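1. I need the structure of the sequence given here:
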Amino acid sequence: MQWKTLAAALLVATAIAGPSTSQVGFNNREAAENGWSMEQNRSAAWHYVQHRRLSSALATLQPQRQGIIDAYVVSIGLDSDPVFGREAGEAQKVLTRRYGATGRSIFLAAGAGKETVGTPQGSPPNLATALAAVAAKMNVKEDVLVLFATTHGDPKLGLVYRDGNNAIGMIAPKRLAAMLDDLGIQRRLIILSACFSGVFVPVLNGDQSVIVTAASSQRTSFGCNPGNDWTFFGDAFVNTALRKPQSLEKANDEARSLITLWEAGRGLVPSDPQLFIGDKARIWLDALEARMPKTETPKVGRAANITT
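-> Numbers count the residues shown, from 1 in each chain. Next up, the predicted model:
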């Protein structure tokens with residue numbers, strides 16, 4: 001069954017149950033703001049395996065340490081194209097090391113590529129569960145959520161979830177903001193590697209938030225060929241700049257320079273990555289960066305700017 005058919009079926013059900021039968025059409029934006037997702041052709045065994053994987057991963061989370069600003073890392077690839085699973089998996093390692101989050105880190109990835117075998121599914125419901133588990137372990141007023149998400153993006157719908165022909169969904173900026181607000185997570189470092197990911201900045205730009213996006217709200221980002229190890233943004237920001245003992249601002253500047261160089265070399269319209277740092281975020285960001293490792297780690301994978 002194609003997703004258009006599934007959406008039409010959902011529309012019929014909505015029209016039957018809804019207050020107005022004159023509303024014909026699936027409202028993508030409303031669905032994205034509600035965190036809509038759908039699975040099909042999944043066996044009972046698949047669901048059970050996924051439940052066990054997620055439960056096992058969440059059981060490893062360590063509680064926060066009183067009086068210490070701990071970072072909790074959640075890294076998710078929301079699309080089954082292998083580049084996103086590879087990027088999210090390595091980003092988890094880089095961010096966990098940089099922010100001292102060993103034992104406080106979760107990796108989720110859509111699909112079942114060789115790099116993600118045994119990994120919990122990177123889906124909107126699993127992301128919500130992971131965030132809730134993190135909130136239960138952390139001091140939501142003291143500790144920091146470091147969220148890295150990589151996938152395709154849409155200027156109106158936000159982040160797109162897809163697992164081949166088996167799953168589809170959306171996470172709009174309002175949906176992500178609502179999840180974090182409902183869980184009481186105040187201190188947030190949110191890194192989004194997706195086209196049009198700048199749409200999240202106006203919605204998530206609280207005074208305790210730091211947001212880094214691969215593109216502005218009107219621009220695409222590049223390098224998401226399924227065979228790649230990294231997107232342009234992931235390679236420049238995570239695989240290069242964040243591996244070094246430098247501030248987030250300097251890392252962002254270095255990444256922007258690299259991305260600009262790569263895009264110009266291919267005649268691409270600039271993606272215009274975004275950085276927002278809230279007025280009160282410097283308190284916890286400085287504390288985390290003061291504990292950063294003092295040595296650089298080597299880059300991993302094939303460079304995103306290599307032409308195949």
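
2. Quick check: which ranges of the chain have low pLDDT?
-> Within the chain, the ranges that satisfy pLDDT under 70 run 1-26, 112-116, 307-308.

3. Helices along that one, start to end?
-> 3-17, 28-33, 44-59, 82-98, 124-137, 173-183, 201-204, 232-233, 248-265, 281-290 (DSSP state H).

4. Ok, which of these comes nearest residue 157?
-> Using Cβ to Cβ as the measure, helix 28-33 is the one of the helices of the chain that comes nearest residue 157, at 4.2 Å. To be clear about C-beta, it is placed using only N, CA and C from the backbone, and glycine gets the same treatment.

5. what's that closest one in contact with?
-> Residues from elsewhere that reach helix 28-33 (Cβ atoms under 8 Å, 6 or more residues apart in numbering): 154, 156-158, 170-172, 174-175.

6. could you redo the last one with a cut-off of 10 Å?
-> 7, 10, 14, 27, 36-38, 124, 154, 156-160, 169-178 (Cβ atoms under 10 Å, 6 or more residues apart in numbering).

7. thinking again about what came up before, between the helices of the chain, which one is nearest to residue 215?
-> helix 232-233 (7.6 Å).

8. Which elements pack onto that closest one?
-> For helix 232-233, the contact count by 3 or more Cβ pairs under 10 Å, 6 or more residues apart in numbering; DSSP states H and E identifies strand 187-193, helix 248-265 as packing neighbours.

9. for the residue nearest to residue 289 when sequence neighbours are not counted, what are its contacts?
-> Setting aside the residues directly before and after it, residue 289 is nearest to residue 247 in space (Cβ to Cβ, 6 or more residues apart in numbering), at 6.0 Å. Applying Cβ under 10 Å, 6+ apart, we find residue 247 in contact with 253, 285-286, 289, 292.

10. check contacts around the residue lying closest to residue 235 once chain neighbours are set aside.
-> Spatial nearest neighbour of residue 235, chain neighbours left out: residue 304 (3.8 Å); criterion: Cβ to Cβ, 6+ apart. Residues counted as contacts of residue 304 (Cβ under 10 Å, 6+ apart) are 83, 87, 222-225, 228-236, 239-240, 258-259, 262.

11. rerun that using 8 Å as the cut-off
-> 223, 228-232, 234-236, 262.

12. Pull the most distant pair out of the residues you listed.
-> The most widely separated members of the contacts of residue 304, counting by Cβ to Cβ, are 229 and 262 (14.6 Å).

13. Pull the number of nearby residues for the nearest residue to residue 153 once chain neighbours are set aside.
-> Using Cβ to Cβ, 6+ apart and skipping the chain neighbours, the partner closest in space to residue 153 is residue 194 (3.3 Å). Per other Cβ atoms under 10 Å, the neighbour tally for residue 194 reads 28.
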